[in-house]
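Asker: I would like the atomic coordinates for the input below:
(chains A and B)
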Number of protein chains: 2
Amino acid sequence: MEFISGISKKEALEIGEILAGDYEGKNIKIRGAVHTIRDMGDVAFLVLRKREGLVQCVYEEGRSQFSLKELKEGDTVEADGTYQTEDRAPNGFELRLDHVRILSEPAEPMPLPIAKWKLNTSLEAKLNNRAVALRNLKERAVFRIQEGITRGFRDFLYGEGFTEIHTPKLGAKSAEGGANLFKLEYFHHPAILQQSPQFYKQMMVGVFDRVFETAPVFRAEKHNTKRHLNEYTSLDLEMGYIDDFTDIMAMETGFLQYTMRLLRLEYAREIKLLDLTLPDVERIPAVRFDEAKQKVSEKYDRAIRNPYDLEPEEEQLIGRYFKEECGSDFVFVTHYPSKKRPFYAMDDPEDETYTLSFDLLYKGLEITTGGQRIHDYHMLLEKIAKRGMETEGMEHYLSAFRYGMPPHGGLGIGLERLTMQLIGEENVREATLFPRDLSRLEP
Amino acid sequence: MEFISGISKKEALEIGEILAGDYEGKNIKIRGAVHTIRDMGDVAFLVLRKREGLVQCVYEEGRSQFSLKELKEGDTVEADGTYQTEDRAPNGFELRLDHVRILSEPAEPMPLPIAKWKLNTSLEAKLNNRAVALRNLKERAVFRIQEGITRGFRDFLYGEGFTEIHTPKLGAKSAEGGANLFKLEYFHHPAILQQSPQFYKQMMVGVFDRVFETAPVFRAEKHNTKRHLNEYTSLDLEMGYIDDFTDIMAMETGFLQYTMRLLRLEYAREIKLLDLTLPDVERIPAVRFDEAKQKVSEKYDRAIRNPYDLEPEEEQLIGRYFKEECGSDFVFVTHYPSKKRPFYAMDDPEDETYTLSFDLLYKGLEITTGGQRIHDYHMLLEKIAKRGMETEGMEHYLSAFRYGMPPHGGLGIGLERLTMQLIGEENVREATLFPRDLSRLEP
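Answerer: The predicted structure is shown next:
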């Protein structure tokens, strides 16, 4: 019988290990994929792709004990050779090769020039060849940044006393009504895919006071735009015992501050690779919905068509206004009209036309919707009745309120949209590993 | 215009803040839910439930400036009073109350005796009243432990150079064939819910070398047992450049070691509350499938009915065997028969009847399936053909292999099963926030 005792150090090194050690003139072993081969005659550069970046390996005729001809792009190999400082090489070193052992081989040449600095390929082609296109360093860096955002969200909230929850995506009824829901049959019962963890996270505020979830949500919206997805990752939080809805905005600002620091510290490589400038989030302006419309209308000479809704172009102009006036990429727009918010939103007691809610715009795009929720059972029933809605299917949700809930509020952040704005892309699909839209269910 | 500058310290304190400070004889303010009220005449104990535990507050006639009669279980309140050390109180202190301000009120009395130490209620009743039942301290502690497991998984893997990915749950085809899939219509196209991120995580090994995901999976299995769910959270990892499949087992052992340490450090409160003894995971025995069957057959005098499958009772006996023989709650069972593993499993070159794969049993229950995968494009096609399967719908998956993939392997851990075994429950639903089974789609 054998025993497994956990991970042990491997002979083959990672880039971080190499950079942390003193290997000048020493023989080291690495593994990686052949990213590109540049044959100069007597010498050749064999560039390996590893998870932390590229390693330049030098084939020298006479020294290297293998035939360069045996190698091709897409092979994965184990190489050993002598470490040598070389300022012009990625990460400042290269490997003078002794041996290369092939671990695996592709069946065909790459369909995309992934070794190029920038993959000048259409989005459509990139999505159709996702597993290959992402081998390009800049393409994959996007999803490292996305990891940093999710990680920042969770780590910040753990520190603030939030509990992580996993709520079901299959359900009998959803938070925001019957439209835009994917429907399916669940053991002979009608079921839906949740478009939000809204009901569940609110119910769990009564248990844990503060909760969050990072999980997929599903929206059967027939929008075919650059900013809509039919499945996306939602960063959700809900918190009890708030004084008012500015507590929620403060928490989101705290998350952004924490995350920008985390990215700066732990994702510097990707920030450099993508040439990103992280936004200043030390303070984020907040403006009322009606005021924002007014300001934009005046400054950009644009008539207000509908006082109770924001058109995408108006959102962009609000973003532009606060960039110009305050130098901020972000702006909280508060007090959305009640009729544009779901029934559970808390109306402003000073003017019930508006709610104690907000959106966060980032470079003119809505990346968050949040606000205070109704916590009183009777008030919730009244609001439902006032809207002419049925309580059928909401019994469990309402039950949490029947037995008492603290004043609370929360928000949902679209991970892909936040990533897209941070990396400065025009299409949310660029920031989605495997996008799902009206015409795309594969890969 | 206002600015939001992030979170600021609140007047009302959390338990951790109180315990970290020096408040003896000082006036402090806290917020919480009225967990229980014990009226002793001249004094009364008002116990508040907060996210970190209970706070005992003392109402004293003459001193306290409010009427006890105004309060009831389920109210949420803000209380202020004088901090006083009191060894018999939870967390070693109590609050001699001056004022209590009601923040919210329930509409009805609690349907379950949540303030009891142990909620002696049927599982059915607990699930039907989930949002209330979880307000019991022991019930909710289970999901704090579950948080610790998920957090341990991610943090350990970040440290080991894994990248977190978010793969789509809606798809055109799934990894392990047509049975047990939930089907739905996706904009007039047939779609399914993924029963595993298998294909996606493998494809992403070609990009990031090491990836993980913590996300829901969906299985339309008609099992109605204590250990099956139709939706659960899968902790998945996949890693490239492995020497062999023991690298995967080593990584899982490392995760368990890291996580037990994390639980001990950060979840001590819940471990105490649930009276848990964390398992020793310093070394985990590994035994071949055929040997394990043989050993169990001999020791417990049980005939081997099917040499190519493990019955649940056999799994339990294997668990018992290694507990008795090695003192281990965990055992890796390796080299599962090829016919019981999916097509992508790597067959053992020394005997193709078996695969280079494993399950991890914890107290006799399978909590993980993993192993080395086929990485060679042609070998994969051959295996598919040999099984009489079609490549239709697998084009994108196969394409990743066509363009080269490193040797790799991975695993999937059922989060709820791992939690259930750790807390010593008999039914996986006890470790699931909102279980989905054959008869349960709500709450």
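Asker: near chain B, which residues of the stretch 301-443 of chain A?
Answerer: Contacts of the stretch 301-443 of chain A with chain B, taken as Cβ under 8 Å from any Cβ of the partner chain, map to A:326, A:332, A:375-378, A:396-397, A:399-407, A:415, A:433-436, A:438-439, A:441-443. Every C-beta, even on glycine, is put in place using the N, C-alpha and C of the backbone.
Asker: taking the residues you listed, please make a ChimeraX selection of just the buried ones.
Answerer: Typed into ChimeraX, the line below selects the buried ones among these, using 16 or more other Cβ atoms under 10 Å in any protein chain shown:
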select /A:326,332,375,376,377,396,397,399,400,401,402,403,404,405,406,407,415,433,434,435,436,438,441,442,443
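Asker: in strands, which of the residues of the stretch 301-443 of chain A next to chain B appear?
Answerer: Counting by DSSP state E, those place residue A:332 in strands.
Asker: please identify the helix or strand for residue A:199.
Answerer: helix A:198-208 (DSSP states H and E).
Asker: got the angle for the helix or strand immediately after that helix in the chain vs helix A:198-208?
Answerer: Next along the chain after helix A:198-208, taking DSSP H and E as the criterion, comes strand A:210-218. On the basis of axes from the mean of the first three to the mean of the last three Cα atoms, to 10 degrees, strand A:210-218 is oriented at 160 degrees to helix A:198-208.
Asker: give me the below-cutoff pLDDT ranges for chain A.
Answerer: Applying pLDDT under 70 to chain A picks out residues A:174-178.
Asker: most distant residue from the middle of it?
Answerer: residue A:62 (48.9 Å; Cα atoms, centre = their mean).
Asker: need phi/psi at that residue.
Answerer: phi 100, psi -50 (degrees, to the nearest 10).
Asker: just confirm residue A:417 is within a helix.
Answerer: Yes. Assessed by DSSP: H, G, I helix; E, B strand; the rest coil, residue A:417 belongs to a helix.
Asker: now it: how far from residue A:425?
Answerer: 10 Å (Cβ to Cβ, to the nearest Å).
Asker: wait, residue A:375 touches residue A:409, no?
Answerer: No. With contact defined as Cβ atoms under 8 Å, residue A:375 does not reach residue A:409; the gap is 9.1 Å.
Asker: tell me the SS of residue A:181?
Answerer: Going by three-state DSSP: residue A:181 is coil.
Asker: let me fix that, I meant to ask about residue A:82.
Answerer: From three-state DSSP, the assignment for residue A:82 is strand.
Asker: tell me the SS of residue A:238?
Answerer: strand.
Asker: neighbours around it, how many?
Answerer: Counted with other Cβ atoms under 10 Å in any protein chain shown, residues neighbouring residue A:238 total 28.
Asker: could you find the closest non-adjacent residue to it?
Answerer: With sequence-adjacent residues excluded and distances taken as Cβ to Cβ, 6 or more residues apart in numbering or on different chains, residue A:238 is closest to residue A:410, at 3.3 Å.
Asker: distance-wise, check the one you found relative to residue B:65.
Answerer: 34 Å.
Asker: so between those two, which is more surrounded?
Answerer: Comparing residue A:410 with residue B:65 by neighbour count (other Cβ under 10 Å), the higher total belongs to residue A:410, at 27 against 9.
Asker: please state the backbone phi and psi of that one?
Answerer: phi -170, psi -170.
Asker: now it: how far from chain B?
Answerer: 15 Å (Cβ to the nearest Cβ, to the nearest Å).
Asker: ok, that residue - contacts?
Answerer: Shown in contact with residue A:410 (Cβ atoms under 8 Å, 6 or more residues apart in numbering or on different chains): A:201-202, A:205, A:236-239, A:248, A:370, A:373.
Asker: by contact count, what packs against the helix holding residue A:199?
Answerer: strand A:210-218, strand A:231-240, helix A:395-402, strand A:408-414, helix B:130-133, helix B:137-159 (3 or more Cβ pairs under 8 Å, 6 or more residues apart in numbering or on different chains; DSSP states H and E).
Asker: the fifth one near chain A at all?
Answerer: The one in question is helix B:130-133. Yes. Shown here: helix B:130-133 in contact with chain A (Cβ under 8 Å from any Cβ) through B:130-132.
Asker: how does chain A divide up, domain by domain?
Answerer: A:15-104, A:137-431 (automatic domain parsing).
Asker: got the end-to-end distance for the longest one?
Answerer: The reference is to domain A:137-431. 14 Å (Cα to Cα, to the nearest Å).
Asker: what about it, distance to the chain center?
Answerer: From the chain centre to the centre of domain A:137-431 is a distance of 13 Å (Cα atoms, centre = their mean, to the nearest Å).
Asker: then the first one?
Answerer: For domain A:15-104, the distance between its averaged C-alpha position and the chain's averaged C-alpha position is 33 Å (Cα atoms, centre = their mean).
Asker: what about that domain and chain B, touching?
Answerer: Yes. On the criterion Cβ under 8 Å from any Cβ, domain A:15-104 is in touch with chain B at A:16, A:31-33, A:50-52, A:74-76, A:103-104.
Asker: measure how buried residue A:364 is and give me the count.
Answerer: 20.
Asker: now it: closest residue in space, sequence neighbours ignored.
Answerer: residue A:319 (2.7 Å).
Asker: can you check residue A:7 too?
Answerer: Per Cβ to Cβ, 6+ apart, closest to residue A:7 is residue B:254, 4.3 Å.
Asker: quick check: which element contains that neighbour?
Answerer: helix B:246-266.
Asker: how about that helix: buried residues?
Answerer: So helix B:246-266, judged by 16+ other Cβ under 10 Å, has buried residues B:246-260, B:262-263, B:266.
Asker: same check on stretch A:7-16?
Answerer: Quick answer for stretch A:7-16 (16+ other Cβ under 10 Å): A:7, A:12-15.
Asker: cool, and stretch A:324-337?
Answerer: Here stretch A:324-337 shows A:326, A:328-337 as buried, counting by 16+ other Cβ under 10 Å.
Asker: for stretch A:371-390, same thing?
Answerer: So, applying 16+ other Cβ under 10 Å, buried residues of stretch A:371-390: A:371-377, A:380-381, A:383-384.
Asker: over to stretch A:347-367?
Answerer: Those would be A:347-348, A:354-367, for stretch A:347-367 by 16+ other Cβ under 10 Å.
Asker: ends of that stretch, how far apart?
Answerer: 22 Å.
Asker: wait, what's in contact with residue A:101?
Answerer: Counting by Cβ under 8 Å, 6+ apart, residue A:101 has contacts A:77-79.
Asker: possible to save those as JSON lines with secondary structure?
Answerer: Putting the contacts of residue A:101 into JSON lines (three-state DSSP) gives the following:
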{"residue": "A:77", "secondary structure": "strand"}
{"residue": "A:78", "secondary structure": "strand"}
{"residue": "A:79", "secondary structure": "strand"}
